[in-house]
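> with the sequence up front, the predicted model follows.
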Amino acid sequence: MASFWEYANPLKFMRTTDWLLPIVAVAALVVTATGLIWGFFFTPDDFRQGSTVKIVFIHVPAAMMAINAWVMMLVASLVWLIRRHHVSALAAKAAAPVGLVMTLIGLITGAVWGQPMWGTWWAWDPRLTSFLILFLFYLGYIALWSAIDDPDTGADLTAVLCLVGSVFAVLSRYAAIFWNQGLHQGASLSVAPGTRMDWAYKAPLYTCMVGFGLIFLTLVLAGTRTEIRARRMKALVTRERMA
Amino acid sequence: MIALLMRDLRLAFRAGGGFGLGLAFFLILAVLVPLGIGPEPQTLARIAPGILWVGALLACLLSLDRIFALDFEDGSLDLLATAPVPLEGAVSIKALAHWLTTGLPLVMISPVLGLLLFLPSEAYLWLVISLAVGTPALSVIGTFGAALTVGLKRGGLLLSLLVLPLYIPTLVFGAEVVSRGAMGLAVDTPLALLAGITAGAVAILPFASAHVLRINLR
């Protein structure tokens, strides 16, 4: 069994993702399309919410990936700080915009869903507030990356920001819960017995979650490859200039 | 380290140090809010805790880029980094100096501004206590942000984008202490949480700040 750390070598990473990326991309497309079509057209309407409930198939996976993307950035930042693998830092950089967009999708679909259900586009509910705060953290992280010219300094600084930001993001989450009790329902999906969602919804929802996960993976792999190529290009240009 | 503290304090107090700018900003904010919202005492009393805390936060933010920028430009930061004093200690001292020149004056002036905003009389004590407990956290977190952006040109705007989200928990608990105090409720829980954030930030963040400073200086 080859070690996972082999992929810290950009060449090895590129070679593997050469064939892996198309497979993941197609799988992402197929699974997400299956999940969404299944969810939108082959599930019954909710007896109270009607067909608006079906936005759950975008809302929940996007929200889940928004958080998971940050966790992935946190792990990649740690790997960069501890083992100094450039691919890891670049993967964290590539994940940030995806996470930002996922957060935005979660917020927007939530607003569209909240309008008919709660009668308001926005409420200062702890979950909604935490997501807005997460959005701000993503913005700051991306802004710091784009402000620094030297790639290694940028990777170091953003990695530390990601670590400190994670602590404060969690603190903000609990501060928001403390600050205001909200409209948003609690977790509908849980491994605890007595979950409140029927399998007719759960199955397509899980499919969508896997699909969104694959989309995230596709975009991060593609983004990391782009970053690696950009680095190479820069190195080539510098070499040309020296010669 | 004491010499460093005295030097930073002297630099801040004397001409061009910007001491008092934060205070003036805090005052202007407390004047602008009633002008924008209207002079009704009930409305102002209702929002006073939040406005005062947000004002303190923004006033703190104003002076952050001064913590390291000047020392970075004239090279004294490099000297500090190579000095026998650990950089973590120097960073803590810098944060302390920032608090003494920004946070402490804010704490002392806040009751006067509370008066302008018709803060209920029960809340004054809690306003002063919560600011006294919370502003050190603002200084320490801000020092981390300043250390992150020290090498950047036009880092000021980026600094606020980075630091303000980190201020959220402090703001929530701090303002909660004051508004609970204004309503005559028990304030132990938010006050303890606020103190916890301050203690944690003071204990841990200087290490992160020193680390990013070293990265920025290499």
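Arrived safely, thanks for sending.
> use CA for all of it now, contacts and neighbours both
OK.
> quick check: the residue located most distally from the centre of chain B vs A:Lys54, distance?
Centroid-distance maximum for chain B: B:Glu40 at 29.3 Å, with Cα atoms, centre = their mean. In this view, B:Glu40 and A:Lys54 are 46 Å apart by Cα to Cα, to the nearest Å.
> nearest spatial neighbour of B:Ala59, chain-adjacent residues omitted?
Spatial nearest neighbour of B:Ala59, chain neighbours left out: B:Gly22 (4.7 Å); criterion: Cα to Cα, 6 or more residues apart in numbering or on different chains.
> hang on, isn't the one you found packed against B:Cys60?
Yes - between B:Gly22 and B:Cys60 there is a contact at 6.7 Å, judged by Cα atoms under 8 Å.
> give the residues shared as contacts by the two.
B:Thr102 (Cα atoms under 8 Å, 6 or more residues apart in numbering or on different chains).
> can you tell me which residues in chain A are near chain B?
On the criterion Cα under 8 Å from any Cα of the partner chain, chain B has as its neighbours in chain A the residues A:133, A:136-137, A:139-141, A:143-144, A:147-148, A:153, A:156-157, A:160, A:164-165, A:168-169, A:171-172, A:175-176, A:179.
> apply 6 Å and report the result again.
A:140, A:168, A:172, A:175 (Cα under 6 Å from any Cα of the partner chain).
> of those, which is the nearest to B:Ile93?
Taking Cα to Cα as the measure, B:Ile93 lies nearest A:Phe168 of the residues of chain A next to chain B, at 22.7 Å.
> could you list the buried residues of the longest helix that chain B contains?
With secondary structure taken from DSSP state H, chain B has its longest helix at helix B:188-217. Using 16 or more other Cα atoms under 10 Å in any protein chain shown as the test for burial, helix B:188-217 gives B:190-191, B:193-198, B:201-202, B:205-213, B:215-216.
> again, but for stretch A:106-125
Residues A:106-107, A:109-114, A:121-123, A:125 are the ones in stretch A:106-125 that count as buried (16+ other Cα under 10 Å).
> next: stretch B:22-35.
B:22-23, B:25-27, B:29-30, B:33-34.
> among the residues you listed, which are in helices?
B:22-23, B:25-27, B:29-30, B:33-34.
> show me where pLDDT drops low in chain B?
B:14-19 (pLDDT under 70).
> just the helices in it please.
In chain B, the helices defined using DSSP H lie at B:2-13, B:21-37, B:41-62, B:69-74, B:76-82, B:87-98, B:104-116, B:123-148, B:155-182, B:188-217.
> winner for burial among the ones you listed?
helix B:123-148 (a mean of 25; mean count of other Cα atoms under 10 Å in any protein chain shown).
> contacting residues around the closest residue to B:Leu131 other than its chain neighbours?
Excluding the flanking residues, the one nearest B:Leu131 by Cα to Cα, 6+ apart is B:Val107, at 5.7 Å. Contact partners of B:Val107, counting by Cα atoms under 6 Å, 6 or more residues apart in numbering or on different chains, are B:128, B:131-132.
> between these, which is nearest chain A?
B:Leu131 (17.2 Å; Cα to the nearest Cα).
> how much space between that closest one and A:Thr109?
38 Å.
> next: B:Gly155.
Taking Cα to Cα, one finds B:Gly155 at 34 Å from A:Thr109.
> and for A:Phe131?
13 Å.
> what's the answer for B:Thr102, then?
42 Å.
> show me where chain A has helices.
Using DSSP H, helices in chain A cover A:10-41, A:56-83, A:86-118, A:126-147, A:151-179, A:199-242.
> hang on, the earlier thing: so which of the buried residues of helix B:188-217 reach chain A?
Restricting the buried residues of helix B:188-217 to contacts with chain A (Cα under 6 Å from any Cα) yields no residues.
> chain A contacts on chain B?
B:161-162, B:166, B:169.
> hmm, 8 Å instead?
Residues of chain B lying near chain A by Cα under 8 Å from any Cα: B:148, B:152, B:158, B:161-162, B:165-166, B:168-169, B:172-173, B:176, B:208, B:212, B:215-216.
> among those, which one sits closest to A:Val31?
B:Pro165 (35.7 Å).
> the closest one: what's it in contact with?
A:133, A:136-137.
> 10 Å - rerun?
B:Pro165 makes contact with A:133-137, A:140, A:165, A:168-169, A:172, according to Cα atoms under 10 Å, 6 or more residues apart in numbering or on different chains.
> how far away is B:Gly55 from B:Ile168?
13 Å.
> wait, A:Val31 touches A:Met209, no?
Yes - between A:Val31 and A:Met209 there is a contact at 9.2 Å, judged by Cα atoms under 10 Å.
> shared neighbours, those two?
A:Ile215.
> going by neighbour count, list what's buried in stretch A:199-218.
A:201-202, A:204-218.
> considering the residues of chain A next to chain B, which possesses the most neighbours?
Taking other Cα atoms under 10 Å in any protein chain shown as the neighbour criterion, A:Ser172 ranks highest of those with 26 neighbours.
> how near is that residue to A:Phe137?
In terms of Cα to Cα, A:Ser172 sits 11 Å off from A:Phe137.
> likewise B:Val112?
34 Å.
> just B:Val107 next, same as before
28 Å.
> again, but for A:Ile23
For A:Ile23 relative to A:Phe137 (Cα to Cα), the value is 32 Å.
> same question, A:Ala243
Distance from A:Ala243 to A:Phe137, by Cα to Cα: 42 Å.
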